[in-house]
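Engineer: task: produce atomic coordinates for the following.
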Amino acid sequence: MRFSESLKEATNHSWELSLNHPFVQEIVNGELPLEKFKNYILQDIYYLKHYGKIHAFAAAHADDF
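Structural biologist: Have a look, this model is predicted:
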């Protein structure tokens, strides 16, 4: 078994849960309310902004590449 196959097998349960999450299913079925999507995007922007800051801080203080 290849390494990637063993990883896929080990995470199969989580993968299935993610694919069948109500939010994802609403997107797939075209039933996701616009306000719910807007809220998701705003949360994602907030997260990515701070995630980027943390990585920039870490990179600036790293001893090597």
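
Engineer: domain parsing of this structure, as residue ranges.
Structural biologist: Using automatic domain parsing, the domains assigned to the chain come out as 1-32, 33-65.

Engineer: in the first one, which residues are buried?
Structural biologist: Within domain 1-32, the residues that count as buried by 16 or more other Cβ atoms under 10 Å are Leu32. Glycine gets a C-beta too; all of them are placed from N, C-alpha and C.

Engineer: do you have the helices of this structure handy? List them.
Structural biologist: Assignment of helices within the chain using DSSP state H yields the ranges 3-10, 12-19, 22-28, 34-60.

Engineer: tell me the angle of the first one relative to helix 12-19?
Structural biologist: In terms of direction (axes from the mean of the first three to the mean of the last three Cα atoms, to 10 degrees), helix 3-10 departs from helix 12-19 by 70 degrees.

Engineer: average model confidence for helix 3-10?
Structural biologist: Averaging pLDDT along helix 3-10 gives 95.
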